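[1] quick one, structure for this:
(2 chains)
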There are 2 protein chains.
Amino acid sequence: MTEHIPPDFRVPGFLAAGLAAGIKKTQVKDFALLYSEVPAAAAGVFTTNRVKAAPVLLSRERVKSGKGRAILVNSGCANACTGQKGIRDGQRLSRRIASSLKIDPQEVLLASTGVIGKVLPLEAMEKSIPSLVASLSSEGLADAALAIMTTDTKPKAALVRDRVNGKEVTLAGIAKGAGMISPKMATLLVFVLTDAAISAGALRKALKEGVQGSFNRITVDGDTSTNDTLLILANGRAGNGRIQPATPGFRKFSALLHDLLLALAKKTVADGEGVTKVVRILVERARTASEAEKVARAVANSPLVKTAFFGEDANWGRILCAAGYSGAPIDAEKVDIFFDHVQVVRKGQGAGPEKEEPATAVMKKGEYTVRLDLHRGASRTFLFTTDFSFDYVKINASYRS
Amino acid sequence: MTEHIPPDFRVPGFLAAGLAAGIKKTQVKDFALLYSEVPAAAAGVFTTNRVKAAPVLLSRERVKSGKGRAILVNSGCANACTGQKGIRDGQRLSRRIASSLKIDPQEVLLASTGVIGKVLPLEAMEKSIPSLVASLSSEGLADAALAIMTTDTKPKAALVRDRVNGKEVTLAGIAKGAGMISPKMATLLVFVLTDAAISAGALRKALKEGVQGSFNRITVDGDTSTNDTLLILANGRAGNGRIQPATPGFRKFSALLHDLLLALAKKTVADGEGVTKVVRILVERARTASEAEKVARAVANSPLVKTAFFGEDANWGRILCAAGYSGAPIDAEKVDIFFDHVQVVRKGQGAGPEKEEPATAVMKKGEYTVRLDLHRGASRTFLFTTDFSFDYVKINASYRS
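    The predicted model follows:
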């Protein structure tokens, strides 16, 4: 699995660890800790689901302070729909970690992923905390990336280094996704560590913008998890001039963060459950942004479109049909559709039987773009989606067993 | 296939036929005609998709007169996204049928189902019209039910007979569905014939109400077709006192029509693509009807919920999760969930591990109810949905080949 981890995957001033605590039935890594040696600015983005897991409720509250030192994560159990007990369990783990690390429990951020409705195996987790803390190391991010996986087939990690405000700054991110990749705030768990010096307000703003163009632009199955969590810690170790909003340094940092998040988002969608294709749905010349969004979502989430992607079947009628029921008031007889460079629909009708062969050739690729030109205005958007395969059904029919 | 057709499946004053015209590649029935020997009242409901097939555009316009004599239907080609040529082809077929039957082309209603974007094989269809007309018979409805099938595994037919306004009245319906069963106006094609004497206005009203409680309450994959069409012809042969709106006779007729449509809707959902389960999603005590609807739709269309149905996995967390992202402002900690009589969630949390076994037993059945009690108000709704199986993917990945 190390081939998926960037070389020199570390961030100055941060330690990390990941180990098997017995939360999952199999003896694989399922418990991770990220830790900043010095106080750090923190920001987060969380699920929009009305049903929010206990760690989401706790982390959302704590991150409001703009500060954070540690992120404690487990896979194998979502600690969602567990009521007050779930909250108390999270608080108890926070106190244990805080006392081991000699920090404030309010500086501990939590995230969980796995089956909904199960309570945390608290005893096993508490027993593992001393070894988790003891194994913290500047090399530990790769283990943490492994420990947060569920049905992911590979760890997802990305690294960016560049100069900001006069110093080299590092941003490293890990993510887990696969199922429940969704319309709003699409990933389950993403953690970004950076040694940049940045105000909490600027960090929050950069994160919000970065998510908009990355994790909010991917979809696997349209479901929004109860546990979606994206956290970033910035510890200032790079020694750069502190980044403030609306400065050139902020714009540079935001661009780097966006690149990092987009790289992680693309890795996440490509490793979606049972995915054999990653397809970019590009909607152009919509009248409004919301119209573009509706069309892109309808096409990207249509099971009939997604099974056709899996079958490598250039059935453009399903794409036009999805655009038609999207709720956007499109003019069917104006729409053009392209598979990469191959035009398959011209003014709402098939562009000719001679397009079948080149269109099918495009669909045989692992990645391609489906472009809808609505000819109505000047708005555009894109979404990365996937196919629907036998394996998607297989993985999800037997997820808990 | 005759076991799926009710005995004595005919309506006084109506003739029907179905034959193989070579529209499909295989030599199966693909062309059907329904015909009233006398002028009949007509009403229709059509797809809400912005992309409407040519026969939908033509029939919607013609049915506004409240009159109809013939319904000409083909499977194997949707005549959708075919532009002005599609319209001209439909008009030409209407003229041919009208001249054979010696009726007005405006009294011919059209419907098509099959691949989007292909033009009708006009020559083959025109060549078949004489035999189609020649084979019209009072016994022909069963052949018509077969001729409108696409990926349906069985013909769908239902019959109701009862006294209305002093006379025995017959209502017979045929339907085809399977894929693209959807949120709004859910079936591809439904045709109902009745010998009731009823005004066009009353017929329209009864149809609108009947659809609301039947075909608008089923969903297979959330996709809305370009071709959805429901047509009803009423020829008055029963000799009953003419039914007018807001009379006891109207209420009786409406109830019969609703029963017939619900029977057809349930047959349609049960024969959905790759379906192994039919699950009724019942949402109770929502604050508003729209809130109930949002929750029911989100649960019924969630791929994660549907694959769990297929896997017979009592993963109630996915159901609560779908309710949470439905857009309805539910209170997660108030929700109860039942699988038939087995309570699996109490106040937003698992009702206990001892529920796992009885809940799984419910899920092993072919039909059951998932009930969500939101404890917020007095509104309720239901939806029939299905599981997502390997076969759904298989059928749709290779539909056109």
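
[2] secondary structure element holding the closest residue to chain B within the stretch 251-400 of chain A?
    Going by C-beta to the nearest C-beta, chain B is nearest to residue A:317 of the stretch 251-400 of chain A, at 2.4 Å. For glycine as for every other residue, the C-beta is placed from the backbone atoms N, C-alpha and C. In this structure, residue A:317 is located in helix A:316-324 according to DSSP states H and E.

[3] ok, then the element right after that helix?
    Later in the chain than helix A:316-324, the nearest helix or strand by DSSP H and E is strand A:336-339.

[4] tell me which other helices or strands the helix or strand following that following strand touches.
    Stepping forward along the backbone from strand A:336-339, the first helix or strand reached (DSSP H and E) is strand A:342-346. Based on contacts counted as 3 or more C-beta pairs under 8 Å, 6 or more residues apart in numbering or on different chains; DSSP states H and E, the elements that strand A:342-346 packs against are helix A:316-324, strand A:336-339, helix A:356-363.

[5] where are the low-confidence patches of the stretch 51-200 of chain A?
    A:178-188 (pLDDT under 70).

[6] can you show me the helices along it?
    In order along the chain, the stretch 51-200 of chain A carries the following helices (DSSP state H, counting those that start in this stretch): A:54-63, A:83-101, A:122-134, A:141-147, A:200-212.

[7] just to revisit the earlier point, so what's the gap between the helix holding residue A:317 and the chain middle?
    In terms of C-alpha atoms, centre = their mean, to the nearest Å, the centre of helix A:316-324 is set 28 Å apart from its chain centre.

[8] contacts for that helix?
    A:295, A:298-299, A:302, A:304-305, A:308, A:330, A:332, A:335, A:337, A:339, A:344-345, A:348, A:350, A:359, A:370, A:372, A:374, B:49-52, B:78, B:80-81, B:115-117, B:180, B:223-226 (C-beta atoms under 8 Å, 6 or more residues apart in numbering or on different chains).

[9] next one: stretch A:125-138
    The list of residues contacting stretch A:125-138 from outside it, by C-beta under 8 Å, 6+ apart, reads A:10, A:14-17, A:19, A:21-23, A:31-33, A:35, A:74, A:92-93, A:96-97, A:100-101, A:143.

[10] state the distance from residue A:65 to chain B.
    Spatial separation of residue A:65 from chain B under the definition C-beta to the nearest C-beta, to the nearest Å is 25 Å.

[11] residues in contact with the residue in the stretch 101-250 of chain A that chain B sits nearest to?
    Ranking the residues of the stretch 101-250 of chain A by distance to chain B (C-beta to the nearest C-beta) places residue A:116 first, at 2.4 Å. Residue A:116 sits next to A:53, A:78, A:80, A:81, A:226, B:315, B:316, B:317, B:318, B:320, B:321 when contact means C-beta under 8 Å, 6+ apart.

[12] hmm, 10 Å instead?
    Contacts for residue A:116 (C-beta atoms under 10 Å, 6 or more residues apart in numbering or on different chains) come out as A:51, A:53, A:77-82, A:225-227, A:400, B:315-321, B:350.

[13] again, but for residue A:249
    Taking C-beta under 10 Å, 6+ apart as the definition of contact, the neighbours of residue A:249 are A:163-166, A:169, A:196-198, A:202, A:240-243.
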